[in-house]
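Visitor: the sequence isn't on hand, but the structure is:
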């Protein structure tokens with residue numbers, strides 16, 4: 001009973017913190033002055049002739065909603081990866097999805113014979129999917145048993161390095177078209193609009209729902225593959241489903257806002273320290289933390305170089321890298 005009360009209090013505190021960060025995100029560091037009162041009036045008495053109201057509803061709100069969902073998706077993807085591999089250093093990038101999506105986007109954005117053939121979102125999803133498939137094949141993840149986790153990590157590193165090298169080569173060869181690609185690779189929510197949100201949220205909702213349904217299997221996998229199999233877990237199906245969910249969550253997020261790192265690596269550790277090892281509890285907490293972290297980074301990104309914006313991905317790197325080093329030094333990984 002006491003444990004349940006503590007968990008409820010923690011979730012309540014996290015939700016209140018997330019609400020505060022989200023509210024600040026709607027009006028902080030705006031070139032055109034916007035106050036918290038303007039935000040309130042935009043929601044309860046919207047006036048299309050008021051510039052502040054239009055900024056809140058047309059620019060800030062879709063950006064906020066996209067950032068919240070991106071953070072939740074990346075945190076959920078990292079949690080799934082660490083659960084499937086039982087490797088605390090695992091992250092979505094271990095499947096090469098980030099690098100593959102970046103390569104797909106770079107190809108359709110820079111090469112003349114591909115320019116306009118596909119939307120950048122579709123290209124990113126296709127690139128991430130191909131990279132994921134190659135990692136699965138090279139890592140022998142279709143088989144059960146053996147040193148599968150080590151092969152999968154090595155395959156992910158190899159495919160990620162290959163995709164990153166190809167992306168850099170494409171950007172160098174087509175320098176005139178490279179500015180937008182470089183901004184996208186840095187990870188930014190500056191261009192998130194209602195169209196971005198409308199394309200992104202169905203995939204995100206599907207991935208997050210699937211992640212929540214996968215939590216019982218992830219709990220049993222922590223007991224070891226043999227024990228999980230004896231307890232009724234279909235190992236191959238669970239691993240394929242988990243890998244597919246990572247692809248959907250990360251691919252959709254990257255196609256929406258670009259390459260954002262560290263969320264899927266750091267947030268699951270924080271959630272685990274707060275609520276323990278039960279995936280049914282710490283996965284939702286990780287989603288809340290991920291949403292708050294990305295929203296906070298997006299808010300800070302507007303203030304670091306005001307009135308210019310710094311990519312949120314760079315802010316997250318500044319936050320995540322020292323924290324990751326701290327975890328390694330403390331040997332909590």
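Guide: Arrived safely, thanks for sending. Treat the numbers as computed from the prediction; the structure is a model and nothing was measured.
Visitor: tell me which residue is most central in the chain.
Guide: In the chain, the centroid-proximal residue (C-alpha atoms, centre = their mean) is residue 74; its distance is 2.4 Å.
Visitor: measure residue 254 to residue 233 for me?
Guide: 30 Å (C-beta to C-beta, to the nearest Å). The way it works is simple: take the backbone N, C-alpha and C, and place the C-beta from them, glycine included.
Visitor: neighbour count winner among these two?
Guide: More neighbours surround residue 254 than the other of residue 254 and residue 233, with 31 against 19 (other C-beta atoms under 10 Å).
Visitor: which element, helix or strand, includes the residue of the chain positioned farthest from its centre?
Guide: The C-alpha centroid of the chain is most remote from residue 49, which lies 35.7 Å away (C-alpha atoms, centre = their mean). Assigned by DSSP states H and E, residue 49 falls within no helix or strand.
Visitor: what does residue 236 give?
Guide: helix 235-257.
Visitor: buried set for that helix?
Guide: Neighbour-count burial for helix 235-257, counted by 16 or more other C-beta atoms under 10 Å, picks out 235, 238-239, 241-243, 245-257.
Visitor: mean confidence for the helix or strand just after it?
Guide: With elements assigned by DSSP H and E, the helix or strand that comes after helix 235-257 is helix 263-275. Averaging pLDDT along helix 263-275 gives 89.
Visitor: angle of the helix holding residue 236 against helix 263-275?
Guide: With axes from the mean of the first three to the mean of the last three C-alpha atoms, to 10 degrees applied, the angle from helix 235-257 to helix 263-275 works out at 120 degrees.
Visitor: same question for helix 235-257, mean pLDDT?
Guide: Per-residue scores along helix 235-257 average to 86.
Visitor: stretch 60-78 now?
Guide: 95.
Visitor: check stretch 215-225 too.
Guide: Stretch 215-225 comes out at a mean pLDDT of 88.
Visitor: go on, stretch 47-55?
Guide: 91.
Visitor: hmm, who's touching it?
Guide: 30, 32, 33, 34, 35, 38, 41, 42, 46 (C-beta atoms under 8 Å, 6 or more residues apart in numbering).
Visitor: check stretch 157-165 too.
Guide: So stretch 157-165 is contacted by 93-94, 96, 98-100, 102-103, 127, 131, 134-135, 138 (C-beta under 8 Å, 6+ apart).
Visitor: JSON lines for those, including distance to residue 65?
Guide: Below are these laid out as JSON lines (distance: C-beta to C-beta, whole Å):
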{"residue": "93", "distance to residue 65": "25"}
{"residue": "94", "distance to residue 65": "28"}
{"residue": "96", "distance to residue 65": "28"}
{"residue": "98", "distance to residue 65": "22"}
{"residue": "99", "distance to residue 65": "27"}
{"residue": "100", "distance to residue 65": "26"}
{"residue": "102", "distance to residue 65": "24"}
{"residue": "103", "distance to residue 65": "28"}
{"residue": "127", "distance to residue 65": "25"}
{"residue": "131", "distance to residue 65": "28"}
{"residue": "134", "distance to residue 65": "33"}
{"residue": "135", "distance to residue 65": "31"}
{"residue": "138", "distance to residue 65": "37"}
